[in-house]
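# How does the following fold in three dimensions:
(chains A and B)
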Amino acid sequence: MSTNTLPTKPKNLFPVWLSVVLALLWLIIWDLGVDFKDLLYGIEDMTEYFSRYGTPNFSNISSYLYLMVQTLVTAFWGTTLAFIIAAVVAPYAARPLTPNAVAYRVARELLNFMRAMPDLLLALIFVSSMGLGPLPGVLALSVHTAGFLGKFFAENMERVPAGKYEALSAVGAGFTQKIVFAAWPSMLREAVGNTLYIFDRNVRMAAVLGLVGAGGIGLELHDALRLFKYNQASALIIIILITIVVIDNLSSWIRKVLN
Amino acid sequence: MNPSWYWPTPNGKPPLTAVLSVVLPIAVLVLTASTVDMSTNKVFYALPRMLDFTQHLWVMPDWHYLPQLGKKMLETVEMTLLATALAVMISMPLGILAAKNASPNPWIFRMTRDLLSFIRALPELVWALVFVSALGLGPLPGIMALALVTVGFMGKFIAESIEVVDFKAIEGLESTGCTKFQSILYAMLPQAVPDFIGSLLYILDHNLRAASILGLVGAGGIGYDMVMSMRLFNYERIGMIALSIYALVTLLDRLSDVFRQKAIGGILNVH
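So this is what the prediction gives:
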């Protein structure tokens, strides 16, 4: 007599998860006091409101374009500085390369700290210490995104096959030599991808840094909306939109070429 | 990799592509330095003031502000969760329509793709500005702005993770005569789940950061208090706010690392 025992069917936990999530959401909606009925009732007002954006006013186009260029340059500088900071810190935060455990922890925590500070908060701090203008924006972007890039680079360096580091250690290579001849050549493609991603992100962010006085097109948009100049606001939004779409496509094209 | 990157080259000179990819960015940086007021002078001039600012932060925190801080931080977290949940609900069908292998026809595929990339083009803060001037102050415009942009990203991520699923499972189901809908539900989605959880965690992380600054334009959360105390040089509060944002973001970062490993390791039973 053979005992025909099938393995027990795994429990389907989906309903449990779903009800927990829904209960939590209900609690949140209740606590925040938001009422989505407002949206439904307000839909007529909303359509009226959005129709005010209907006729973009491009009369100041040259100053808008200059601001957009400034925004792009801010993002570019921010990304480059972030890249430099990240390239210096990342090897210390990568387990196979780090010289000792203390350096590893310090580098990790440093990257973590830079990542955790919102760039607009950093921009506020830099604006109050060096005045208005795009420079504080550049610094804020570079500090914040150096945290991201550093983490990405460190992860890439950890993913490089251990044999490469071992081979270089075997011929007596030092810390810097291992970075230059083992880590970077193996992770170049990922690193370029990450940097492009960060650049995309920085362009978006640079477009709103103007809100805190850190240069770029954001301030103009903020002022236009505050003064109810919807036509200029829509022109600005269109310019930002087109630029971001172009940059996005450009970077995905570069990524495709590299692969 | 592209052979033109290889070094050493046969003729011993550095490869042209490598040289260009270093020289061009430097040239652009130098040419554009004046546009962003970049000068070492200005940076060094600002250093003492930065130090001054940091010294001011070492003051007794304003303990009376603590309950308000807690409330605002909770609001930030709640906005994040609600916006993410809304976005997931909306982006699930959109993501399926925008995946090449799951989309019912190529036109719908193209249109959803373009719609998603249009939605995610503008940053949250721009949408928040627009929604605040449409709906008034409060967390609702913030949630709307966050959810909208998240739909754009989440839809793209869902579509991408559906597109890379293993074809064999789909083929197997189709050989038993299942409908398109059944093959999406039972072959594509289950395979995409680990990927999907990874991107969900990423989005949560991103949204928490975004939610903490949305208050800048009056769209709820801790951001408003942050800007106000910054403008009023209320150092007793700035330190507290910055620290609590730091703690929260770090906590979520660590949690999502643990969670991600579990989800990818298949320990988490989600379907």
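# how about the residue of the stretch 51-200 of chain A found nearest chain B, what does it touch?
Nearest residue of the stretch 51-200 of chain A to chain B, counting by C-beta to the nearest C-beta: residue A:130, 3.6 Å away. No exception for glycine: its C-beta is placed from N, CA and C like everyone else's. Residue A:130 sits next to A:136, B:42-43, B:45-46, B:49-50 when contact means C-beta atoms under 8 Å, 6 or more residues apart in numbering or on different chains.
# Any of those residues buried? List them.
A:136, B:46, B:50 (16 or more other C-beta atoms under 10 Å in any protein chain shown).
# Can you get me a residue count around the nearest residue to residue A:251 once chain neighbours are set aside?
Spatial nearest neighbour of residue A:251, chain neighbours left out: residue A:196 (4.2 Å); criterion: C-beta to C-beta, 6 or more residues apart in numbering or on different chains. The burial count assigned to residue A:196 is 19, neighbours taken as other C-beta atoms under 10 Å in any protein chain shown.
# Please identify which helix or strand holds residue A:196.
helix A:184-209 (DSSP states H and E).
# So for the chain, the centremost residue is which one?
Let's take chain A. Centroid check for chain A by C-alpha atoms, centre = their mean gives residue A:201 as the closest residue, at 4.3 Å.
# To clarify, I was referring to chain B.
Note: chain B centre (C-alpha atoms, centre = their mean) maps to residue B:206, 3.4 Å.
# Give me the buried positions along the host helix or strand of that residue.
Counting by DSSP H and E, the element that carries residue B:206 is helix B:189-214. Buried residues in helix B:189-214, counted by 16+ other C-beta under 10 Å: B:189, B:191-201, B:203-214.
# which is the next helix or strand following that helix?
helix B:223-231.
# Quick one: work out the angle between that next one and helix B:189-214.
Orientation check (axes from the mean of the first three to the mean of the last three C-alpha atoms, to 10 degrees): helix B:223-231 against helix B:189-214 gives 30 degrees.
# Is chain A within reach of helix B:223-231?
Yes. For helix B:223-231, a contact with chain A is found by C-beta under 8 Å from any C-beta of the partner chain, at B:223, B:226-227, B:230.
# Looking at those residues, which is nearest chain A?
residue B:230 (4.7 Å).
# so the closest one makes contact with residue A:122?
No. Assessed by C-beta atoms under 8 Å, residue B:230 is found out of contact with residue A:122, at 11.1 Å.
# next helix or strand past the worst-scoring helix or strand of chain A on mean pLDDT?
Every helix and strand in chain A was compared by mean pLDDT, DSSP states H and E; the lowest is helix A:36-41, with a mean of 72. Counting by DSSP H and E, the element after helix A:36-41 in chain order, helix or strand, is helix A:43-51.
# packing partners for the helix holding residue B:206?
helix B:66-97, helix B:124-135, helix B:139-163, helix B:223-231, helix B:235-265 (3 or more C-beta pairs under 8 Å, 6 or more residues apart in numbering or on different chains; DSSP states H and E).
# So, low pLDDT: which residues of chain A?
A:1-3, A:41-42 (pLDDT under 70).
# let's see it at 80
A:1-5, A:9-12, A:33-46, A:48-49, A:258-259 (pLDDT under 80).
# could you pull out the helices for it?
A:14-32, A:36-41, A:43-51, A:61-89, A:101-116, A:119-130, A:134-159, A:162-170, A:175-178, A:184-209, A:218-226, A:230-258 (DSSP state H).
# buried set for the third one?
I take that to be helix A:43-51. Result for helix A:43-51 [16+ other C-beta under 10 Å]: buried residues residue A:49.
# Give me the contact list for it.
A:39, B:133-135.
# With the fifth one instead?
Applying C-beta under 8 Å, 6+ apart, the external contacts of helix A:101-116 come out as A:89-90, A:92-93, A:95, A:98, A:143-144, A:146-148, A:150-151, A:154, B:245-246, B:249-250, B:253.
# switch to 7 Å and redo it
A:89, A:92-93, A:95, A:98, A:143-144, A:146-148, A:150-151, B:246, B:249-250 (C-beta atoms under 7 Å, 6 or more residues apart in numbering or on different chains).
# among those residues, which ones are buried?
Members of these classed as buried by 16+ other C-beta under 10 Å are A:89, A:92-93, A:98, A:143-144, A:146-148, A:150-151, B:246, B:249.
# export these to a markdown table and tack on distance to residue A:175?
Output for the buried ones among the contacts of helix A:101-116, formatted as a markdown table (distance: C-beta to C-beta, whole Å):
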| residue | distance to residue A:175 |
| --- | --- |
| A:89 | 14 |
| A:92 | 9 |
| A:93 | 13 |
| A:98 | 9 |
| A:143 | 25 |
| A:144 | 27 |
| A:146 | 20 |
| A:147 | 22 |
| A:148 | 24 |
| A:150 | 17 |
| A:151 | 20 |
| B:246 | 30 |
| B:249 | 31 |
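# Which residue, other than its chain neighbours, is closest to residue B:228?
Residue B:228 sits nearest to residue B:234 (C-beta to C-beta, 6+ apart), 7.5 Å away.
# interface residues of the stretch 101-250 of chain B facing chain A?
Contact residues (C-beta under 7 Å from any C-beta of the partner chain) of the stretch 101-250 of chain B with chain A: B:117, B:121-123, B:125-126, B:129, B:133-135, B:139-140, B:143, B:209, B:212-213, B:216-217, B:226-227, B:230, B:242, B:245-246, B:249-250.
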